[in-house]
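J.: Show me how the following folds:
(one chain, ligands or ions: 1)
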Amino acid sequence: MVGVDMKALDSVKTFAVIGGDKRQLFLADSLSRDGYGVILGGFDNIVSVGAITLSDISTAISYGDAVILPIPGVRSDGSLNTPFAGDKHFLSAHEAGMLCKKPVFTGMADKLLKTYPVLQDGLVYDYAKRNDFAILNAVPTAEGAVERAMKEYEGTISGSRTMVTGFGRIGKLLSKLLKAFGSEVTVCARSSADRAYITALGYKYKNTEKLRGIKNTDIVFNTVPSLIFTEDVLKNTDRNTLIIDLASLPGGVDFEAADALGIDACRALSLPGKCSPKAAGDIIKKTVYTILS
Ligand code: NAP
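T.: Next comes the predicted model:
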């Protein structure tokens with residue numbers, strides 16, 4: 001953390017919000033309503049966001065006391081993740097040098113640090129890695145998953161037979177939501193403690209490690225970030241079962257095999273940003289405030 005004044009965290013008055021999707025715009029708006037100065041960079045295709053200043057990325061970096069990047073902060077080619085900008089932007093040595101001198105908040109910090117190793121001398125916080133962020137973010141993810149199911153499934157969630165694989169942050173909230181909709185919910189977990197909770201909460205359970213196929217299920221939501229829907233499992237799965245994979249890439253489903261077997265399977269990623277950008281922006285803000293405090 002060479003060159004970073006740790007007191008910088010206490011004295012943040014202006015945030016530079018750079019790049020990202022709609023949730024970053026809501027984040028900027030929310031910060032501004034809280035009384036912070038906000039400067040947006042990397043939103044060339046947007047004309048105005050209330051009274052918030054829009055500028056180029058370099059100016060935003062230089063004026064912000066702290067910088068907030070999206071999830072991930074950089075794309076795989078090393079350019080900043082700026083879907084609302086016309087051109088790709090790679091950090092210059094000067095910009096990276098400026099970033100080293102102020103707190104930087106980003107999701108998937110490892111990607112940013114790998115692309116711009118000089119930032120390892122700075123103060124880079126990965127807000128998306130934190131449990132408090134991931135738990136709150138599971139709420140819009142679970143709602144987005146239900147919305148996706150409503151779009152893809154021809155029946156109603158009420159009265160449907162659903163399965164949630166994984167009983168982590170998203171699995172817990174999603175199964176609760178599905179039950180509230182009147183679905184008959186089965187949850188797959190590998191730990192016996194989780195299976196006990198699942199029973200106590202009134203869901204059916206299965207042991208993920210013994211999953212050999214899916215029968216009598218209308219919709220499967222996968223949250224396990226590991227390949228569990230292998231070709232063998234899919235061969236023993238009813239053709240009319242819809243599988244929605246929520247796990248980050250590479251996900252938990254062999255999509256090639258699903259396609260070959262005629263099973264309807266799809267990925268549903270970045271749901272908070274797509275379905276609930278306002279809530280998702282607020283969750284980033286809350287997490288940044290927690291880190292600052
Ligand atoms: P989590 O809290 O870590 O839960 C993961 C669950 O998967 C746990 O129940 C875990 O079981 C289980 N699991 C992990 N590896 C397994 C394996 N090899 N076999 C069987 N079970 C296994 O994660 P989360 O926050 O719910 O997120 C789940 C996934 O969704 C992640 O990939 C995350 O990046 C992604 N995500 C997606 C979105 C979206 O919009 N689609 C949004 C946010 C996050 P144990 O507890 O026994 O380890």
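J.: So which elements touch whichever strand or helix holds residue 96?
T.: Secondary structure assignment for residue 96, by DSSP states H and E: helix 93-99. Packing contacts for helix 93-99, counted by 3 or more CB pairs under 8 Å, 6 or more residues apart in numbering; DSSP states H and E, involve helix 57-63. Heads up, the C-betas are built off the backbone N, CA and C, glycines and all.
J.: Residues contacting the helix or strand just after the helix it packs on, please?
T.: Using DSSP H and E, the next helix or strand after helix 57-63 towards the C-terminus is strand 66-68. For strand 66-68, contacts defined as CB atoms under 8 Å, 6 or more residues apart in numbering pick out 8-9, 12, 14-18, 24, 27, 60-61, 99, 102-106, 284, 288, 292.
J.: from these, which would you call buried?
T.: 9, 12, 15-18, 24, 27, 60-61, 99, 102-106, 284, 288 (16 or more other CB atoms under 10 Å).
J.: These in helices, which ones?
T.: 24, 27, 60, 61, 99, 284, 288 (DSSP state H).
J.: ok, so of these, who is nearest the ligand?
T.: residue 284 (12.7 Å; CB to the nearest ligand atom).
J.: Got the confidence number for that closest one?
T.: pLDDT recorded at residue 284 is 98.
J.: how close does the closest residue to it other than its chain neighbours sit to residue 281?
T.: In this structure, residue 284 finds its nearest non-sequential neighbour in residue 27, 5.1 Å apart by CB to CB, 6 or more residues apart in numbering. As judged by CB to CB, to the nearest Å, residue 27 and residue 281 stand 4 Å apart.
J.: check contacts around residue 26.
T.: Per CB under 8 Å, 6+ apart, neighbours of residue 26: 277, 278, 280, 281, 282.
J.: wait, the last one sits on residue 28?
T.: No - checked against CB atoms under 8 Å, the pair residue 282 and residue 28 is beyond contact range at 11.6 Å.
J.: who's more crowded, these two?
T.: Legend: neighbour count by other CB atoms under 10 Å for residue 282 and residue 28, higher for residue 28 (28 against 18).
J.: what sits against that one?
T.: 15, 17, 38, 40, 49, 52, 281.
J.: now, which of the residues you listed lie within helices?
T.: Of these, the ones assigned to helices by DSSP H are residue 281.
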